[in-house]
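A.B. asks: I'll drop the sequence and a predicted model, then ask my questions.
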Amino acid sequence: MPFVNFRALRSAIPIKRLLDRWGWKATTRLIGHAERGRCPLELHHDPQGRSFSVQHVEGGWYCHCCRAGGDVIDLFARKSGLALHEAAIQLCEMFVVDLPELPGTGKRNG
Ligand SMILES: [Zn+2]
């Protein structure tokens with residue numbers, strides 16, 4: 001298993017691309033480059049569609065109902081039930097991005 005450069009992956013795949021793919025629509029535009037909407041994780045009721053917020057510039061998200069947040073990789077991992085490493089690899093395949101690997105590590109993962 002390759003060592004994934006998570007930081008490079010975060011900048012290669014904006015969180016908006018993943019949300020667009022899921023058909024996510026913001027219900028509220030917040031000050032700055034932030035939006036709020038229904039939680040795409042669908043683990044709870046969200047009748048007002050405001051529990052989930054995303055910061056596009058920072059590439060971060062947070063859901064007040066899930067009490068969870070993170071980056072694009074965390075979001076995809078939660079939605080898909082994959083481990084972070086696996087989620088990163090799948091994200092790259094999904095968006096046809098070369099998997100950014102960390103150089104110079106001949107060690108095994110873990
Ligand atoms: Zn949620």
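C.D. replies: Nice, I can see it.

A.B. asks: where does this structure come near the ion, residue by residue?
C.D. replies: For the chain, the residues in contact with the ion (Cβ under 5 Å from the ion) are 39, 41, 63, 65-66. (C-beta placed from N, C-alpha, C; glycine too.)

A.B. asks: identify the farthest-apart pair in those.
C.D. replies: Of all pairs drawn from those, the one with the largest separation by Cβ to Cβ is 41 and 65; the distance is 8.9 Å.

A.B. asks: just want the most central residue of this protein.
C.D. replies: Of all residues in the chain, the one closest to the mean position by Cα atoms, centre = their mean is residue 72, 1.8 Å from it.

A.B. asks: tell me the contacts of that residue?
C.D. replies: The contact partners of residue 72, taken as Cβ atoms under 8 Å, 6 or more residues apart in numbering, are 9-10, 13-15, 18, 59, 91.

A.B. asks: ok, the nearest residue to it once chain neighbours are set aside - contacts?
C.D. replies: With sequence-adjacent residues excluded and distances taken as Cβ to Cβ, 6 or more residues apart in numbering, residue 72 is closest to residue 15, at 4.4 Å. Residue 15 makes contact with 54, 56, 59-61, 71-72, 75, according to Cβ under 8 Å, 6+ apart.
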